[in-house]
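Participant: quick one: sequence plus predicted model below, questions after.
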Amino acid sequence: MRRLLTLDQKDYTDDMPVFEKLVVRGLIRRGGLLAMQESSAGEYKIPGGGVEPGESRMTALAREVREETGLVIRPETVRELGEILELREDILCRGQKYVCRTLFYACEAEEEIHETAMTESEKRLGFHLAWARPEEIVARNTALRPEAWKRRDTEFMRLVLAGEVELFDGD
């Protein structure tokens, strides 16, 4: 998959043990708006999450999007958009280097919306399905505190707005 961007915080050393993670995120559009997870604080997150051991990327994408939004993706519509590589000291395990490859996909979803199955952390933060334009996502996330995931999703949306990533054919 095409590398779109590398976000390197340079706050680690090369002798640190490495934790690697593969993440998939799905961009679903309806009526010019994108399906997002929105927290009660107003921050936006692109639906998706980690690929479990033995799980295919497409299975993980379908599972994560449904868990976080209730949307069921149509596998035949999935199209690769690109990858963002993140490098930093692991915030959950200090003294360890975190290497995360996030793969972004455009896809369509069925009309019906099912019940979500969010994590306890997502529930505590009040995440829910919301629909927004890329410029709204960038503006809102930029105004709020800069967690690593928010920076990743915001930078991805900046690439969309700059025309460097075409979410859907004909955009």
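Facilitator: Arrived safely, thanks for sending. Numbers count the residues shown, from 1 in each chain.

Participant: between the two ends of stretch 20-39, how far is it?
Facilitator: 26 Å (Cα to Cα, to the nearest Å).

Participant: and that stretch, which residues are buried?
Facilitator: By 16 or more other Cβ atoms under 10 Å, the buried positions in stretch 20-39 come out as 22-29, 34-39. Every C-beta, even on glycine, is put in place using the N, C-alpha and C of the backbone.

Participant: of those residues, closest to residue 90?
Facilitator: residue 23 (14.4 Å; Cβ to Cβ).

Participant: for the protein, which segments count as helices?
Facilitator: Secondary structure of the chain (DSSP state H): helices located at 57-69, 120-124, 134-143, 148-161.

Participant: one step back: export the buried residues of stretch 20-39 as TSV, with columns for pLDDT and distance to residue 47.
Facilitator: Formatted as TSV, those follow (pLDDT from 0 to 100; distance: Cβ to Cβ, whole Å):
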residue	pLDDT	distance to residue 47
22	98	16
23	98	11
24	98	10
25	98	7
26	98	6
27	98	8
28	97	8
29	95	12
34	98	9
35	98	6
36	97	7
37	97	6
38	96	11
39	94	13
